[in-house]
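> missing the sequence, but the structure's below:
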């Protein structure tokens, strides 16, 4: 009996490839848009710890649930962009976001199965730890003790902003599924 000849896979059409590209780049695009929105000067103390760090929430969520859509080189790029937009010492945000990415990857198996409350508490622990490290690094780099109150407020805002951001990210993740 003759064996069936395997047919090579047909190349996908241009629209299918563009659709796949748009779906896979959507998390990064949303992270950049959120980063730009929170880094724009709005007439109040935006850069003195008045706004949440949306990049932290973006990297946490996508690394936890879709790590393939948030690779380390993208996380590094988000960090450099955040530093450039906020006039922070170059590399500090990149290091913080890469540490978050690595930490979430190590805890991914345990966290991804948990309820939203546990995930939010996990995010809060990561955020508080990394923002304290951020404060320490900025203090060392500037050789002056930075005020702690704006950092605490920024940490609180970042933790409080996670639920609505996660809601947005879940809606986006559901739209990433091919139809």
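Alright, I've got the coordinates. Since this is a predicted model, take the numbers as computed values, not measurements. Numbers count the residues shown, from 1 in each chain.

> what's the burial count for the nearest residue in space to residue 63 that is not next to it in sequence?
Excluding its sequence neighbours, the residue lying closest to residue 63 (Cβ to Cβ, 6 or more residues apart in numbering) is residue 104, at 4.3 Å. All C-beta spots, glycine's among them, are computed from the backbone N, C-alpha and C. Residues lying near residue 104 (other Cβ atoms under 10 Å) number 23.

> where in the chain is pLDDT low?
The model of the chain has pLDDT under 70 over residues 1-11, 42-50, 178-179.

> closest to the centroid, which residue in it?
In the chain, the centroid-proximal residue (Cα atoms, centre = their mean) is residue 59; its distance is 1.9 Å.

> distance check, it against residue 123.
Between residue 59 and residue 123 the computed distance is 10 Å (Cβ to Cβ, to the nearest Å).

> same question, residue 97
As judged by Cβ to Cβ, residue 97 and residue 123 stand 14 Å apart.

> when these two are compared, which one has more neighbours?
For residue 97 versus residue 123, neighbours defined as other Cβ under 10 Å are more numerous around residue 97 (28 against 24).

> leaving out sequence neighbours, find the closest residue to that one.
residue 79 (4.2 Å).

> just how off-centre is stretch 131-149 within its chain?
22 Å (Cα atoms, centre = their mean, to the nearest Å).

> what's the helix or strand in which residue 85 is found packed up against?
Here residue 85, judged by DSSP states H and E, is contained in helix 72-86. In terms of contacts (3 or more Cβ pairs under 8 Å, 6 or more residues apart in numbering; DSSP states H and E), helix 72-86 is packed against helix 14-39, helix 54-65, helix 92-111.

> name the helices or strands packed onto the second one?
Using 3+ Cβ pairs under 8 Å, 6+ apart, the elements in contact with helix 54-65 are helix 14-39, helix 72-86, helix 92-111, helix 116-142, helix 149-175.

> what are the buried residues along the first one?
Pointing back at helix 14-39 there. Residues of helix 14-39 classed as buried: 26, 27, 28, 30, 31, 32, 34, 35, 38, 39 (neighbour count, 16 or more other Cβ atoms under 10 Å).

> residue 160: which of those is nearest?
Minimum separation from residue 160 among those (Cβ to Cβ) is found for residue 38, which lies at 13.5 Å.

> now for that closest one: which residues touch it?
Shown in contact with residue 38 (Cβ atoms under 8 Å, 6 or more residues apart in numbering): 46, 51, 52, 53, 54.

> likewise residue 159?
Contacts of residue 159 by Cβ under 8 Å, 6+ apart are 120, 123, 124, 127, 128.

> one step back: closest to residue 162 among the contacts of residue 38?
For these, the residue nearest residue 162 by Cβ to Cβ is residue 52; the value is 8.2 Å.

> ok, the closest one - how many residues close by?
If you count neighbours by other Cβ under 10 Å, residue 52 ends up with 22.
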